[in-house]
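In: Show me the folded form of this:
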Amino acid sequence: MWPLDPSRKEVLGFAVSCRVLTLVLQAVFNAIIPDHRAEAFSPPRLAPSGSADQLVEGSAHPIPQPLLQLAVDQGYRTAEGNKPPWCSWGLPLIYSYIQDVYWNVGFLRYFELKQVPNFLLAAPMAILVAWATWTYVTTHPWLFLTLGMQRSKNKKTLEKPEPGFLSPRVFVYLVHAAALLLFGSLCMHVQVLTRFLCSSTPIVYWFSAHLLLDQEPLLKSLEAVPGKPPAGDPPPGQKGPRNSIMGLLYNWKTCSLVTRCVLGYFVTYWLLGLLLHCNWLPWT
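Out: Take a look at the predicted model:
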């Protein structure tokens, strides 16, 4: 296995630490605030032997009448009730039925005045992907018009393609991200758009890095003068951050507006999202 450079080790360690912290907080919150309501509708337990046809004596308690009445009042399905319509379909797809009937998922169904806060919550990620699409399309209009199926006639582009985010190889990922943004904005619950894009396309992270490298003078100075510590770093003899992102956070006051917006959004989303989402609050 190839050895990792120090910066990649820091990124990997940071990701693992975030995941461990998330799991620990979820376990703590579940232990402090257990969901007792789910136990009322849980199926009978199996015998210690584990056989599927043998139940623990006394475990198959009948559902209390108040809970049954609550289910009827709320429109829930019960064992004695009628079968749902999707059971008689030629292709019984329960997920499509649930989305349509219970979740109200469909084209432009979420465009309601009461959903404005959710649209505002998803706006930063939507703007980021839309900005990435516009930047790439305006840089490579020929690639966009031909859908990447015909190369540019410019010999310089053929000999030396542009590196980084604006490389022609990124085009297929950009089309995928734009399609996800369009579908998620028009046909999904918009409050899940942020995690939907962050977990489905690398464009979110590639374009964020592109903005930092293109708009942040501090990173440009570090790139022009290798080994030179950024302004405000600890003096020689003290250990400073090897990760560029940590260096930017340490020098927050001297960063550009774009850097503050990008880093501020991701850091805020990580901290507040971790606390609020674990408490079942609408932050996704």
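
In: Please count neighbours and contacts with C-alpha atoms only from this point.
Out: OK.

In: mind listing what P202 touches?
Out: Listed by C-alpha atoms under 8 Å, 6 or more residues apart in numbering, the contact set of P202 reads Y173.

In: And it, how close does it get to V175?
Out: 12 Å (C-alpha to C-alpha, to the nearest Å).

In: got a pLDDT number for the residue nearest the centre of the chain?
Out: The residue lying closest to the centre of the chain (C-alpha atoms, centre = their mean) is R195, at 2.1 Å. On the pLDDT scale, R195 is placed at 88.

In: Could you do the one 10 residues further on as well?
Out: The score at Y205 is 93. That number is its pLDDT.

In: hang on, the earlier thing: quick one: what helix or strand has the residue nearest to the centre of the chain in it?
Out: Following DSSP states H and E, one finds R195 within helix 193-198.

In: could you dump that helix to PDB, C-alpha only?
Out: What follows is helix 193-198 as a C-alpha-only set of coordinates in PDB (Å, rounded to 0.1, in the frame of the first residue of the first chain):
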ATOM      1  CA  LEU A 193     -31.000  18.800  -1.000                       C
ATOM      2  CA  THR A 194     -27.900  19.700   0.900                       C
ATOM      3  CA  ARG A 195     -27.100  16.100   2.100                       C
ATOM      4  CA  PHE A 196     -28.300  14.800  -1.200                       C
ATOM      5  CA  LEU A 197     -25.700  16.800  -3.200                       C
ATOM      6  CA  CYS A 198     -22.900  16.400  -0.600                       C
END
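
In: and the next element down the chain from it?
Out: Next in sequence after helix 193-198, counting helices and strands by DSSP H and E, comes helix 203-215.

In: Name the residues of that following helix that come out as buried.
Out: The neighbour-count check on helix 203-215 (16 or more other C-alpha atoms under 10 Å) flags 203-204, 207-209, 211-212, 215 as buried.

In: Name the SS class of the nearest residue to N118 once chain neighbours are set aside, please.
Out: Nearest non-adjacent residue to N118, counting by C-alpha to C-alpha, 6 or more residues apart in numbering: Q191, 5.1 Å away. Counting by DSSP: H, G, I helix; E, B strand; the rest coil, the backbone at Q191 sits in helix.
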